[in-house]
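*Asks:* Got a predicted structure plus its sequence, pasted below:
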Amino acid sequence: MRDVAIVSFAQLPSVKTIVAADEPELVQPVTSEAMKQIGLTQDDIGFTCSGSTDYLPGRPFSFVAAVDGLKAVPPIRESHVEMDGAFALFEAWVRLLHGDIDTALVFSFGKCSLGPVPAVLNLQNDPYYVQPLGLDAISAAALQAQAMIDASMASERDFAEIAARNRRNAIDNPNAHIKGDFSIDAMLDEPYLSSPIRKSFCSPLSDSAAAIVLAAGDAARKLVKRPAWIRGIDHRTEPHALGQRDLTTSPSAKLAAEKAGVGKGKVDIAELHAPFAHQEIILRQAMGLDDDVKVNPSGGALAANSLMTAGLIRFGEAANRILSGDADRAVAHTTSGACLQQNLVAVLEGE
């Protein structure tokens with residue numbers, strides 16, 4: 001199997017609202033920067049794949065307009081997934097394994113400011129029995145968090161400590177949306193959004209965009225001194241209906257981590273896509289991450305959470321630690337669906 005690596009990463013700062021920016025205006029800065037970092041142009045890219053959702057802008061095929069942020073001529077080989085950009089990265093990785101191209105560009109974008117995100121996320125639920133209930137992501141997460149408390153797995157203070165740590169980690173991250181030294185007691189005094197979930201236990205709603213360039217074999221070695229090699233990657237899913245699974249565990253994350261090879265060596269850092277504080281506990285246990293593993297040094301989704309982009313940013317942040325030499329082995333993760341329904345896990349290593 002071919003060696004494939006992440007060789008560059010660019011992102012827009014995650015903010016509450018990016019004013020007057022359409023799809024091409026979001027895409028063009030990050031794709032240009034990701035290619036510029038390694039001296040490539042669009043003509044050097046063998047395949048392009050994007051991740052986004054049409055439900056936020058509220059019109060069909062908005063991803064087609066996003067491609068206008070790239071060169072119009074000559075035509076490109078391009079694909080799209082209606083999911084987080086990390087799943088587009090998975091498709092681009094598979095495409096590079098074919099062996100006929102050496103580079104791929106992956107990008108994603110999301111503007112949570114455009115629409116009612118809770119209502120949008122309800123659309124991923126069963127259309128006959130669950131959507132009419134209006135079960136938004138916060139209410140679903142509350143069921144999961146309460147199940148953990150009932151099972152004596154964690155307390156609300158544990159959730160607050162995780163939120164505080166992630167936002168403290170984000171202080172040095174110029175692209176984070178929420179960061180600072182937050183008081184745990186102040187978090188626990190907040191009113192419930194949906195018991196036991198309080199506002200600080202949730203990720204912010206952000207606008208952002210991100211891009212990654214993948215390269216294979218010797219092409220990667222020529223582009224950067226220390227590529228972030230994808231040594232293992234796997235995607236698993238669980239039943240759609242929440243009542244058909246134990247919400248306090250994540251068998252899909254556990255299996256994906258095993259198949260990706262997380263346990264085959266020491267992990268230095270892990271970028272976990274946990275939109276709610278309690279989900280970090282579930283993911284750490286599922287992947288078997290030791291206490292000495294530094295989780296979300298960037299601040300994670302609790303510091304910046306652009307829908308359809310937060311997962312790709314986890315891959316980029318993990319890769320940057322390898323590219324810079326700050327870590328030798330990293331785990332990158334993204335999730336999709338209610339209560340960690342789908343999980344994609346990758347192991348990144350430097351040479």
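*Replies:* Okay, I see it.
*Asks:* Just give me the neighbour total for residue 160.
*Replies:* Under the neighbour criterion other Cβ atoms under 10 Å, residue 160 is assigned a count of 22. Yep, even glycine has a C-beta here, placed from its N, CA and C like the rest.
*Asks:* Correct me if wrong: it contacts residue 188.
*Replies:* Yes - here residue 160 reaches residue 188: they are 5.5 Å apart, a contact under Cβ atoms under 8 Å.
*Asks:* which residues are common contacts for the two?
*Replies:* residue 198 (Cβ atoms under 8 Å, 6 or more residues apart in numbering).
*Asks:* what does stretch 154-165 contact?
*Replies:* Residues outside stretch 154-165 that contact it (Cβ under 8 Å, 6+ apart) are 145, 148-149, 181-184, 187-188, 196, 198, 200-201, 277-278, 280-281, 302.
*Asks:* do you know how far residue 55 is from residue 47?
*Replies:* Residue 55 sits 26 Å away from residue 47, going by Cβ to Cβ, to the nearest Å.
*Asks:* Please apply the same query to residue 135.
*Replies:* From residue 135 to residue 47 the distance is 37 Å (Cβ to Cβ).
*Asks:* Please apply the same query to residue 85.
*Replies:* To residue 47, residue 85 is 14 Å away according to Cβ to Cβ.
*Asks:* Which one's more surrounded, those two?
*Replies:* Shown here are residue 85 and residue 47; by other Cβ under 10 Å, residue 85 has more neighbours (33 against 21).
*Asks:* In contact with the more buried one, which residues are there?
*Replies:* Contacts of residue 85 by Cβ under 8 Å, 6+ apart are 50-52, 106-108, 210, 212, 308-309, 311-312.
*Asks:* Tell me how far the most centrally placed residue in the chain lies from residue 304.
*Replies:* Geometric centre of the chain, nearest residue: residue 311, 0.8 Å, by Cα atoms, centre = their mean. To residue 304, residue 311 is 12 Å away according to Cβ to Cβ.
*Asks:* again, but for residue 101
*Replies:* Using Cβ to Cβ, residue 101 is found at 32 Å from residue 304.
*Asks:* what's the answer for residue 166, then?
*Replies:* From residue 166 to residue 304 the distance is 10 Å (Cβ to Cβ).
*Asks:* Please apply the same query to residue 181.
*Replies:* Taking Cβ to Cβ, one finds residue 181 at 17 Å from residue 304.
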